[in-house]
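K.L.:
need a structure here:
(chains A and B)
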Amino acid sequence: MSTPSTTLSQTGAAATRELTLAQAIREALAEELRRDPTVYIMGEDVAEAGTPFKVLSGLVEEFGPQRIIDSPISEAGITGLGVGAAMTGMRPVVDIMFGDFIGLIMDQLANQAAKVHYMSGGKLKVPFVIRTTLGATRRSAAQHSQSLHAWVSHIPGLKVVLPSTPYDAKGLLKTAIRDDNPVVFFEDKMMYTLKGPVPEEEYTIPFGVADVKRVGSDITIVATSSMVQVALAAADNLEQLGISAEVVDPRTTFPLDKETLIASARKTSRAIVVDEGYERYGVTAELAAVIAEGAFYDLDAPVKRLGAMDVPVPFSPVLEDQTVPTPATVTEVAKTLCGRV
Amino acid sequence: MAHVRAAEQAGQLPADEGERWLGMYQQMIRIRLFEEQVNDLYKTARMPGLAHLYSGEEAVAVGVCAALRHDDYITSTHRGHGHCLAKGAAIDRMFAELLGRAPGYCRGKGGSMHIADQDTGNLGANAIVGGSAGIATGAAFSSKQRGSDQVAVCFFGDGAMGQGLLYEVMNMASLWKLPVIYVCENNLYNEYTHYTETTAGEFTTRASAFGIPTQEVDGQDVRAVYAAASDMVARARSGEGPSFLLCNTYRYYGHHVGDIQRTYYRSKEEEIHWKTQRDPITLLGQWLKEHGIADDAALDRMMGEARAEIEAGVEFALNAPFPDASEVDQHVYA
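P.N.:
Residues are numbered from 1 along each chain as shown, chains lettered A, B, ... in the order given. Modelled structure (predicted):
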């Protein structure tokens, strides 16, 4: 599997270190907590426990329990508190341990946070971040494995972030905390230990700017979050076969950098969209439609989609592993699309 | 309040106390006339959509908001016009919002159920029953985090007792001693269903289960509401935490302006009883006269002033421009 060091945005950076995705996120949070006293973190087991994934370890020691706040197991409640606090001068970061629990917070997110600015005619705003997870293959079964970012990408008023490298995670999370809108930030829990270069110096990454993770000329693979590494591995496979694949990571599903996706597809004339959400009515459908509309006259083949299988995520490894796109499945679809069966 | 009660017993009141009750009387009639005008706008097809009228419940919003500072927060409900006005909203901009006009509080994007006014601490009416419980509690949390002494009031109806969010946030408010007051307006009906068909046990014990002090008052008696709210505000402001105030009240109109055939869920006799025997404006008016604070002429004069303000406000709104059509996709993002 390719490492993020192969990606364009990260080559040539001056002072870089290798951090894991979890470390990069922790560093972003610590820097923003130091910079802005209105930032706080609230969630289940976020303080001494540092979350089950240990992403927040050490933060309570530096910032204290007034700012790193262990909450009851009340996802809707802590999200609601975050909305009210954000409307009155704070910048909450609400930790929703598993993305599957987004069902518990949906009213606060979709009916409250997303609409307050609009409904108030632009007077009130909700600058808060929901950090949550996505991704299967952790043997966690149907209620701890889903990738539900399509749900929130559907709602006007929300911004949705899907980092795929430690570098992107840090820069995008800092942007999320500084944004004056509600932002949902999805972290692939299987990627917390993924290492990649992260500069020593401060940086942020703007929303709505896709990153070309690998340049190619024969086919475009648009991939999000967990699927970026899968796409890069597939691109390595394809290179062995003489197919040059370009890997484009939108990084945010809203705002969406349509131009970069369309330009890449027009250049290569073929496109696959890979995303770990359920395939039906999912992010792959939206991105494929964007490409089909924008690049139609330059395409040599229909845009193909690869999402999670439309089944609840099963427990048994034999079953679960079939449900998520892999380098092998992406490679096969790409070969077919390029007429190389 | 102790000295007020002592003065009452002595049959006399300090002048500023008299002014306070007169102010509340005026607020209540402003709300009453506002709602009657809204109903008229609906019946004459000059208002888009529906509205949920607050008539009959005025003493709750007025008594509670009189105990608040200008910079304190409130969150409101679908039946929210009274809360907005009691917290300081202007009548003309309220009407403009209800009519979808540009000078409305939300530039016509919110309408009756979503009026918010940052300048008066009104964090918004909410069309999800119980939906603002998190916002109010979050504002209280924010106040505490920022070291401010602002308090937050969460208004909701008896229907919100069925919503889980309320219990999640009451738990946290008590745990962390947040300066929030939960004001339940029990107007007897969850939409078209009597609360006894939906609500097990007692309202107040649900809050006291979290260690939150509770009080139950006659929601038609603005003085009782004000007294209880004042104690709760003082408690919240001094860092002692949340309270729960149950106000027993009644809505004179239906669930919304279009709900005019109501006999299948409540009797005409019941409505007449509340309107003639339990009206909060009549009750305060009688008390003002008994205590020599106002006579019939003074009350009539206040009514006339309020009527003129309502007429001017609705005139302003009816003549106000609609928002430019290009505003439809403004304010989606900050």
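
K.L.:
quick one, what contacts the residue in the stretch 51-200 of chain A positioned nearest to chain B?
P.N.:
Closest residue of the stretch 51-200 of chain A to chain B, Cβ to the nearest Cβ: residue A:80 (1.5 Å). Where C-beta positions appear, they are placed from N, C-alpha and C, glycine not excepted. By Cβ atoms under 8 Å, 6 or more residues apart in numbering or on different chains, the contact set of residue A:80 is A:108, A:112, B:133-135, B:137-138, B:165, B:168-169.

K.L.:
the chain: strands as residue ranges?
P.N.:
As the question left the chain open, I've gone with chain A. Remark: strands assigned in chain A by DSSP state E are A:16-20, A:39-43, A:68-70, A:91-95, A:129-134, A:159-161, A:183-188, A:195-199, A:211-214, A:219-223, A:245-249, A:252-254, A:271-278, A:304-308.

K.L.:
look at chain B instead
P.N.:
Along chain B, counting by DSSP E, strands occupy B:73-75, B:152-157, B:180-186, B:189-190, B:193-194, B:214-218, B:243-248.

K.L.:
ok, which of the ones you listed comes nearest chain A?
P.N.:
Set against chain A and scored by Cβ to the nearest Cβ, the strands of chain B come closest in strand B:73-75, at 6.8 Å.

K.L.:
tell me the pLDDT of the closest residue to residue A:217 other than its chain neighbours.
P.N.:
In space, and not counting its chain neighbours, residue A:217 is closest to residue A:244: 4.5 Å by Cβ to Cβ, 6 or more residues apart in numbering or on different chains. Note on residue A:244: pLDDT of 98.

K.L.:
picking up where we left off before, compare the contacts of residue A:80 and tell me which is most surrounded.
P.N.:
Among the contacts of residue A:80, the one with the most neighbours (other Cβ atoms under 10 Å in any protein chain shown) is residue B:138, at 37 neighbours.

K.L.:
so which of the contacts of residue A:80 sit within helices?
P.N.:
Members of these lying in helices (criterion: DSSP state H): B:133-135, B:137-138, B:165, B:168-169.

K.L.:
intersect these with the contacts of chain A.
P.N.:
B:133-135, B:137-138, B:165, B:168-169 (Cβ under 8 Å from any Cβ of the partner chain).

K.L.:
show me which pair in those is furthest apart.
P.N.:
Greatest spacing in these, by Cβ to Cβ: B:135 and B:168 (13.0 Å).

K.L.:
adding pLDDT, write the ones in helices among the contacts of residue A:80 out as CSV.
P.N.:
Shown next, in CSV, are those (pLDDT from 0 to 100):
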residue, pLDDT
B:133, 98
B:134, 98
B:135, 98
B:137, 98
B:138, 98
B:165, 98
B:168, 98
B:169, 98
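
K.L.:
how about the contacts made by residue 309?
P.N.:
Since you didn't name a chain, this refers to chain A. Counting by Cβ under 8 Å, 6+ apart, the residues that residue A:309 touches are A:278-279, A:322-324.

K.L.:
switch to chain B, please.
P.N.:
So residue B:309 contacts B:30, B:91 (Cβ under 8 Å, 6+ apart).

K.L.:
how much space separates it from chain A?
P.N.:
23 Å (Cβ to the nearest Cβ, to the nearest Å).

K.L.:
any weak-confidence spans in the chain?
P.N.:
If you meant another chain, say so; for now it's chain A. Low-confidence segments of chain A, defined by pLDDT under 70: A:1-14.

K.L.:
the chain in question should be chain B.
P.N.:
In chain B (pLDDT under 70), the answer is B:1-12.

K.L.:
what's the neighbour count on the residue nearest to residue A:217?
P.N.:
For residue A:244, using other Cβ under 10 Å, the count is 16.

K.L.:
next up, the contacts around it.
P.N.:
With contact set as Cβ under 8 Å, 6+ apart, residue A:244 has these partners: A:216-219, A:238.

K.L.:
for residue B:41, give its distance to chain A.
P.N.:
As for residue B:41, its distance to chain A is 20 Å (criterion: Cβ to the nearest Cβ).

K.L.:
next up, the contacts around that residue.
P.N.:
Residues in contact with residue B:41 (Cβ under 8 Å, 6+ apart) are B:47, B:98-99, B:314.
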